[in-house]
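Novice: What would the 3D arrangement of this be:
(4 chains)
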Number of protein chains: 2
Amino acid sequence: MKQSEYQKDDSIGSMNRHKIMAAAEYEFALHGYAGTRVQHIADRAQLPKTNVLYYFKCKEGLYLALLEEILSLWNGQFDEATAEDDPAVILAAYIRDKMTKARQRSAASKVFALEIINGAPNLNTFFREQHCQWMAGRVQVLYSWMAQGKMKALNPEYLLFHIWATCQHYADFAAQITQLKGKPMGEPEFAEATDNLIELILTGCGLTVPERF
Amino acid sequence: MKQSEYQKDDSIGSMNRHKIMAAAEYEFALHGYAGTRVQHIADRAQLPKTNVLYYFKCKEGLYLALLEEILSLWNGQFDEATAEDDPAVILAAYIRDKMTKARQRSAASKVFALEIINGAPNLNTFFREQHCQWMAGRVQVLYSWMAQGKMKALNPEYLLFHIWATCQHYADFAAQITQLKGKPMGEPEFAEATDNLIELILTGCGLTVPERF
DNA sequence: CAAAAACCAGACCAACTGGTCAAGTTTTGG
DNA sequence: CCAAAACTTGACCAGTTGGTCTGGTTTTTG
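Specialist: I've put the predicted structure just below:
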C-alpha cells in the first residue's frame, strides 16, 4: 500500500468515483444526458444505483463533474507556441495531438460535442472566458507568422475551426466512417488519416510538411 | 384554392404534418431524441399533444419520419460529376453547397449528427448501402482525376471526410463559434468561411481556386 | 345532403426514473 | 480497541411522460 503523497488514489472512495466517471463518460457519450439512465451507469460501474447517488449528489452533478474533467483534457502543445516558432512544426504537432486524443478519448469527445450541439448550456462563464483568451492568443501568433511571411495569409479563426472540425469528426462520426470503410478505424488507419490531414492543411497554408513527421 | 397536381399540400392534414415536422426538427436538434418532449413539439407546432400522436403513431415514428426527410436533403451536384469534369470547379461547388446547407438547415444537420454520435441505431440498411455506393462512385472519380494529374494524389476517402467535417462543424458547433467570435455568424461570415475553406482544401489538393468563385 | 372519413382534444393511466430513507457493514483514526 | 466516519444497499416514492380512450366537430365524397 504505497500511498506516497496521493493518498486519495488508493482510497475506496476515489476508486469508486473513478469507476463511476468512466462508466458515465461511456453512457453519456452514447445516449446523451437525457437518454442516460443512472441505473445503467451503475450497472456499467458494477455498483448499485444508490451508490452512484452517494458519491455524486445527483445525475446533473455527475454530468457536470465529468464535463469539467473532459474540458481539462483539451489542452496541448500549441498553447505555448510563439511568433518565433516554426508554424509547420507547431501545426503538424497540434493536428497530430488532436487526432491522438480523438482516437484515445473518443467518448469524452462525444460528450463534449453533444454539449455544444445542445447549445452548451452547462459551460460556465469561466470556461468561456478562458477559451476566448486562448483563442485570442493563438490568433495573434498565427497573424505574426503570416506577417513574417512564414505562411500564407488566411483568416486564423477559420483555420483553427477547420482543424478542430476534422479531428473531432474522427471521434464523433466514427459510426459513419466505420460504415463507409467497412470496418472500424484502427491505429494504422488513424495514422494514415493524420498524415493526410497534416498534408492537406499544411499545404493549404502554404507550408511544407516537416521531414520529422 | 389552387390544388394543381399536389392536392396534398393544401389539405389540412399535410399542413399540420409539415408544422409538426418543423417543430420536431427544432426540438430534436436542441435536446436529442430522449430529451425531447412530445408536449414541447406540440407547443411549438401550436397543436395539442394528442394531435401530434394522431398524425404520427408515436414519438419514434415521428423521429424516423424526420430522419428520412433529412437524409433526402444530403445530395448535391457532386453526385453526377465524372472523370471528365474539372475537380477544382466540382469540389469548390460541392463545398459551397455543403456550407449553404449547414447554414440554412442547421437543425437538420444537428439531428443527423446526434444520430451518428449515438451510433446511428436508426439508419437502416437501405440508406447504408446507398451511402456506400455513393462513396465508392465518388472515390473512383477522384482517383481518375488523380491519375490524370488533375490534382494531387491523396486518399480520396479522407478528403471527403475532411470536407464533411468542416462544413458540418459550422452547423453543429455554432454555439461554440458564436461564443468565440462574440456574435452569431451571419451571411457575410459564412461567405468568408466558405471562401477560406475552399482556398484551404483546393490548395491542399494542388488545385487553383476557379475565378468564377 | 347524408354518411363516412378525417380531424380535434380533454381526461386519464401505466411505466419509468431520479432521488430519498433508514438500517446496516466496513474502514479509519486516535 | 472503540467510536466515528465512510461506505453499502434494499425498499420505497413522487413527478414526469409517452401513449390510449372516448366523444365530439369538421371536412370530404358519393
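Novice: For chain A, which segments count as helices?
Specialist: A:12-35, A:38-45, A:49-55, A:59-71, A:87-104, A:106-117, A:125-147, A:156-172, A:174-181, A:187-204 (DSSP state H).
Novice: Which residue ranges make up the domains of chain A?
Specialist: Per automatic domain parsing, the structural domains of chain A span A:1-57, A:67-213.
Novice: Mind checking if the last one is in reach of DNA strand C?
Specialist: The one in question is domain A:67-213. No. Domain A:67-213 lies out of reach of DNA strand C by CB under 7 Å from any atom of the strand, never closer than 14.0 Å. (Each C-beta comes from the backbone N, C-alpha and C, glycine too.)
Novice: about what we covered before: now tabulate the helices of chain A in a markdown table and tack on distance to chain B and mean pLDDT.
Specialist: Below are the helices of chain A laid out as a markdown table (distance: least, CB to the nearest CB, whole Å; pLDDT from 0 to 100):
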| stretch | distance to chain B | mean pLDDT |
| --- | --- | --- |
| helix A:12-35 | 3 | 95 |
| helix A:38-45 | 12 | 97 |
| helix A:49-55 | 18 | 97 |
| helix A:59-71 | 12 | 96 |
| helix A:87-104 | 11 | 96 |
| helix A:106-117 | 5 | 98 |
| helix A:125-147 | 5 | 93 |
| helix A:156-172 | 3 | 97 |
| helix A:174-181 | 4 | 95 |
| helix A:187-204 | 4 | 97 |
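Novice: For those helices, give me a markdown table that also has mean neighbour count.
Specialist: Output for the helices of chain A, formatted as a markdown table (neighbours: other CB atoms under 10 Å in any protein chain shown):
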| stretch | mean neighbour count |
| --- | --- |
| helix A:12-35 | 18 |
| helix A:38-45 | 18 |
| helix A:49-55 | 16 |
| helix A:59-71 | 17 |
| helix A:87-104 | 20 |
| helix A:106-117 | 23 |
| helix A:125-147 | 15 |
| helix A:156-172 | 23 |
| helix A:174-181 | 18 |
| helix A:187-204 | 19 |
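Novice: In JSON lines: the ones you listed, plus distance to residue B:186.
Specialist: Listed next are the helices of chain A as JSON lines, based on distance: least, CB to CB, whole Å:
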{"stretch": "helix A:12-35", "distance to residue B:186": "29"}
{"stretch": "helix A:38-45", "distance to residue B:186": "41"}
{"stretch": "helix A:49-55", "distance to residue B:186": "44"}
{"stretch": "helix A:59-71", "distance to residue B:186": "28"}
{"stretch": "helix A:87-104", "distance to residue B:186": "28"}
{"stretch": "helix A:106-117", "distance to residue B:186": "20"}
{"stretch": "helix A:125-147", "distance to residue B:186": "19"}
{"stretch": "helix A:156-172", "distance to residue B:186": "15"}
{"stretch": "helix A:174-181", "distance to residue B:186": "29"}
{"stretch": "helix A:187-204", "distance to residue B:186": "25"}
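Novice: Of those, which is nearest residue B:55?
Specialist: Counting by CB to CB, residue B:55 lies closest to helix A:12-35 out of the helices of chain A; the figure is 23.6 Å.
Novice: If I take the closest one and helix A:156-172, what angle do their directions form?
Specialist: 100 degrees (axes from the mean of the first three to the mean of the last three CA atoms, to 10 degrees).
Novice: And helix A:12-35, what does it pack against?
Specialist: Here helix A:12-35 touches helix A:38-45, helix A:49-55, helix A:59-71, helix A:106-117, helix B:12-35, going by 3 or more CB pairs under 8 Å, 6 or more residues apart in numbering or on different chains; DSSP states H and E.
Novice: hang on, isn't residue A:40 packed against residue A:27?
Specialist: Yes. Contact criterion CB atoms under 8 Å: residue A:40 and residue A:27 qualify, at 5.4 Å.
Novice: Quick check: residues of chain A near DNA strand D?
Specialist: A:11, A:12, A:13, A:16, A:47, A:48, A:50, A:51, A:54.
Novice: quick one: which of those residues is nearest DNA strand C?
Specialist: Distance ranking of those against DNA strand C, using CB to the nearest atom of the strand, places residue A:50 first at 4.6 Å.
Novice: how much space between whichever residue of chain A sits closest to DNA strand D and residue A:20?
Specialist: Nearest residue of chain A to DNA strand D (CB to the nearest atom of the strand) works out as residue A:13 at 2.1 Å. Residue A:13 sits at a distance of 11 Å from residue A:20 (criterion: CB to CB, to the nearest Å).
Novice: next one: residue A:88
Specialist: 43 Å.
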